[in-house]
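can't give you the sequence, but here's the structure:
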């Protein structure tokens, strides 16, 4: 059995991925799409009283700022 088989069968990568997801939850982090859907933009525009274009610019700014 090769190293790849041992790692997959041993679950090392899966355990690392699960630990990363658990750590995200502990920091209140969420995963969002880089590009908002049209329904997301419509909802943002409606609640903010802005155009969908402005909602898109706001969304992109928030996603970019979130990584800092």
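Good, I have the coordinates. Just so you know, these numbers come straight off a predicted model, no measurement behind them.

Which strand or helix spans the closest residue to residue 31 other than its chain neighbours?
By the measure of Cβ to Cβ, 6 or more residues apart in numbering, the closest residue to residue 31 outside its immediate chain neighbours is residue 24, 7.5 Å from it. Heads up, the C-betas are built off the backbone N, CA and C, glycines and all. Using DSSP states H and E, residue 24 maps to helix 12-26.

list the buried ones in the helix or strand just after that helix?
Following helix 12-26 in sequence order, the next helix or strand is helix 38-48 (DSSP H and E). By neighbour count on 16 or more other Cβ atoms under 10 Å, the buried set for helix 38-48 is 40-41, 44-45.

Can you lay out those residues as JSON lines showing distance to residue 31 and pLDDT?
JSON lines is the format used below for the buried residues of helix 38-48 (distance: Cβ to Cβ, whole Å; pLDDT from 0 to 100):
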{"residue": "40", "distance to residue 31": "14", "pLDDT": "97"}
{"residue": "41", "distance to residue 31": "18", "pLDDT": "98"}
{"residue": "44", "distance to residue 31": "18", "pLDDT": "97"}
{"residue": "45", "distance to residue 31": "23", "pLDDT": "98"}
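
how's this structure carved up into domains?
What automatic domain parsing lists as the domains of the chain is 1-30, 32-68.

In the longest one, which residues are buried?
Translated: domain 32-68. Across domain 32-68, burial judged by 16+ other Cβ under 10 Å covers 36, 40-41, 44-45, 52, 55-56, 58-59.

now those as CSV including distance to residue 12?
CSV is the format used below for the buried residues of domain 32-68 (distance: Cβ to Cβ, whole Å):
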residue, distance to residue 12
36, 35
40, 36
41, 40
44, 40
45, 45
52, 44
55, 42
56, 40
58, 40
59, 36
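
List of residues touching stretch 54-64?
32, 34, 36, 40-42, 44-45, 48, 50 (Cβ atoms under 8 Å, 6 or more residues apart in numbering).
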